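Q: I'll drop the sequence and a predicted model, then ask my questions.
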Amino acid sequence: MSNLSNVQVLERDRKAEEESARPDRAEVEAAVRTIIRWAGDDPKRDGLIETPSRVARAFEEFFIGYSQNPTTILQKTFEEIDGYDEMITLRAVRFESHCEHHMAPIVGKAWVAYIPNGRVVGISKLARVVEVYAKRLQIQEKMTAQIANTINEVLKPQGVAVLIKAQHHCMTTRGIHKPGTDLVTSRMLGCFRDNATTRQEFLSMTTDPE
Ligand SMILES: Nc1nc2c(ncn2[C@@H]2O[C@H](COP(=O)(O)OP(=O)(O)OP(=O)(O)O)[C@@H](O)[C@H]2O)c(=O)[nH]1
Ligand SMILES: [Zn+2]
């Protein structure tokens, strides 16, 4: 039996798949030229000649999260907290992601809270965990769960809550064309799941900061 956590198993499987199947840069640029031709344009014309390499660079940025390990980010913790055991909430962490169905942008904000158990993490690290998962192909429910599960498994706090509000461009600029809608998802673990008052305290903070 393996002692790996769910997050570690997911990371291991993803890395193995990535190493066996990852195409090189030239293949990606050729694929972009194919899409340009398919759209009806000429990839050899002046304005488009550098586009495949620009697209590859842009995609490297959009999907940098596949080469980052969210567990490592949370390794450094601080224990001199004089018994602090109240909620810690990072509000409205703006992120940009891409949906795994259409590879269209998902633009939103995440609220991340936990109640510590003897140690806290640097607050920027919570935002970094949001970034790692955002910079992969996503659906919002999975991203919400991944952020909460990772914080829970690594920090082992009394509870974790994550709430995300985001606009999906596959719904606003194509398909059903419904600008102005957003999707709200949340994942509550530990005391946030068990205690309605704690959950309510968190939800009362899920407004935008002034
Ligand atoms: N649950 C969930 N659905 C999402 C998310 N992002 C996009 N979707 C939806 O994923 C679905 C994919 O549906 P399909 O019917 O396979 O694709 P489609 O024909 O392009 O669908 P339409 O967008 O309705 O035109 C759509 O309903 C999208 O709105 C997400 O984060 N979570
Ligand atoms: Zn989509």
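A: Now that the structure is in, tell me what you want to look at. Please read these numbers as outputs of a predicted model, since none were measured by experiment. Ligands and ions are numbered 1, 2, ... in the order given.
Q: how about the helices in the protein?
A: All helices of the chain, identified by DSSP state H, fall at 6-21, 25-39, 51-62, 70-73, 123-134, 140-155, 169-172, 191-194, 196-203.
Q: Next, format the ones you listed as a markdown table and append mean pLDDT.
A: Below are the helices of the chain laid out as a markdown table (pLDDT from 0 to 100):
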| stretch | mean pLDDT |
| --- | --- |
| helix 6-21 | 76 |
| helix 25-39 | 97 |
| helix 51-62 | 98 |
| helix 70-73 | 96 |
| helix 123-134 | 98 |
| helix 140-155 | 98 |
| helix 169-172 | 97 |
| helix 191-194 | 98 |
| helix 196-203 | 98 |
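Q: Show me the domain layout of the protein.
A: As given by automatic domain parsing, the domain ranges for the chain are 6-62, 75-203.
Q: out of those, which comes closest to ligand 1?
A: In terms of C-beta to the nearest ligand atom, the element of these nearest to ligand 1 is domain 75-203, at 3.3 Å. C-beta coordinates here come from the backbone N, C-alpha and C atoms, glycine included.
Q: Which of the residues in stretch 200-210 are classified as buried?
A: 201, 202, 203, 206 (16 or more other C-beta atoms under 10 Å).
Q: The last one against residue 109, yeah?
A: No. In terms of C-beta atoms under 8 Å, residue 206 does not count as a neighbour of residue 109; the distance is 9.3 Å.
Q: anything in contact with each of those two?
A: Residues touching both residue 206 and residue 109 (C-beta atoms under 8 Å, 6 or more residues apart in numbering): residue 165.
Q: on that earlier part again, check the domains of the chain for me and report the most buried one.
A: domain 75-203 (a mean of 17; mean count of other C-beta atoms under 10 Å).
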